[in-house]
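S.K.: Need a 3D model of the sequence below.
(one chain, ligands or ions: 1)
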Amino acid sequence: MNKQTQVEKLNKKMTACSRCALRKTCRQVVPGEGSAEAEIMFIGEGPGQKEDELGRPFVGAAGKFLDEMLATVNLKRENIYITNIVKCRPLGNRDPFPEETGACWPWLKEQIKIIQPKLIVLLGRHSLERFLPGKKISQTHGLAFRREIPKLGKLVFFALYHPATALYNGTMRETLLRDFRRVPRVLEKVKKEQIYEQ
Ligand code: URA
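M.R.: Numbers count the residues shown, from 1 in each chain. Okay, here's the model as predicted:
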C-alpha cells in the first residue's frame, strides 16, 4: 500500500476516535494535510477555531504567518506535511491537557511511521515537550536535535517558536523568520548525516 493510501486509511480511523473528551466538544477531527511523501513534517499544538470549522490545520491567523514563512524558503504546503499534537480543538483554545496529548500520541506516531519525514519541525513548546521533554523553547529555537524515539527510531527535530507568538510581537516575528530560514539548510545536513545529538 503506498503512503498516500496509508495516510487516508489512518485519517479515516482518526475521524472516528473518541479516546479523549475533546471529540465531544469539537466540530470535527483535524488529522493533518500535505504530501504523504513529504521530507519535512510540521507539528503544531492543536486546531483552533478556524481549523475546527474547516477541518484543516493552520488555516487561521497563525497559519497565514506559517504560509508566509514557508514562502520565504520556497516551500509549498503540498510538498510538506502539517499536523498537530492533538487533532481535536480544545475549547477556548486552552492548552491541551496531558491526558489529551497522551490519548492522541498513538495517532501522531502512526503518521510519522507512515510518512517517515527526514526532518520534523516542532512548532511551539507543546510540540517540543512531546519529543524533547524538559527542553525550553527559549533555549532551543533555531536548533536541530537528533533523538531516538521509542518505536520510531532516530529522528531529527528542529525547534521553532509557535507562529502565533509572532502575531502581536514584532521581535518574535523577526526571530521566527530568522530561525525558519535555517530549515532548508538543516534538511540538507540531515541528508548528509551531519546532524549530531545535542
Ligand atoms: N495552531 C496550531 O497549533 N495548530 C493549528 O492547526 C492552528 C493553530
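S.K.: With only the CA atoms kept, save stretch 177-186 in PDB.
M.R.: The C-alpha coordinates for stretch 177-186 follow below in PDB (Å, rounded to 0.1, in the frame of the first residue of the first chain):
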ATOM      1  CA  LEU A 177      11.700  34.400  10.300                       C
ATOM      2  CA  ARG A 178      15.400  34.100  11.000                       C
ATOM      3  CA  ASP A 179      15.100  30.600  12.500                       C
ATOM      4  CA  PHE A 180      12.800  29.500   9.700                       C
ATOM      5  CA  ARG A 181      15.400  30.400   7.100                       C
ATOM      6  CA  ARG A 182      17.600  27.600   8.500                       C
ATOM      7  CA  VAL A 183      15.000  24.900   7.600                       C
ATOM      8  CA  PRO A 184      16.400  24.100   4.100                       C
ATOM      9  CA  ARG A 185      20.000  24.000   5.400                       C
ATOM     10  CA  VAL A 186      19.100  21.700   8.200                       C
END
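S.K.: buried stuff in it?
M.R.: Residues 179, 180, 182, 183, 186 are the ones in stretch 177-186 that count as buried (16 or more other Cβ atoms under 10 Å). C-beta: built from backbone N, CA, C; applies to glycine.
S.K.: What is the burial count for residue 194?
M.R.: 10 (other Cβ atoms under 10 Å).
S.K.: what's the answer for residue 144, then?
M.R.: Count around residue 144 with other Cβ under 10 Å applied: 23.
S.K.: In the chain, what residue spans correspond to helices?
M.R.: 3-15, 22-25, 49-54, 61-72, 98-115, 125-131, 137-140, 170-180, 183-191 (DSSP state H).
S.K.: State the mean pLDDT of the first one.
M.R.: Put plainly, it is helix 3-15. For helix 3-15, the mean pLDDT works out to 98.
S.K.: can you check stretch 30-38 too?
M.R.: Stretch 30-38 comes out at a mean pLDDT of 98.
S.K.: Stretch 175-184 now?
M.R.: 98.
S.K.: do the same with stretch 138-153
M.R.: 96.
S.K.: Report how far apart the opening and closing residues of it are.
M.R.: 26 Å (Cα to Cα, to the nearest Å).
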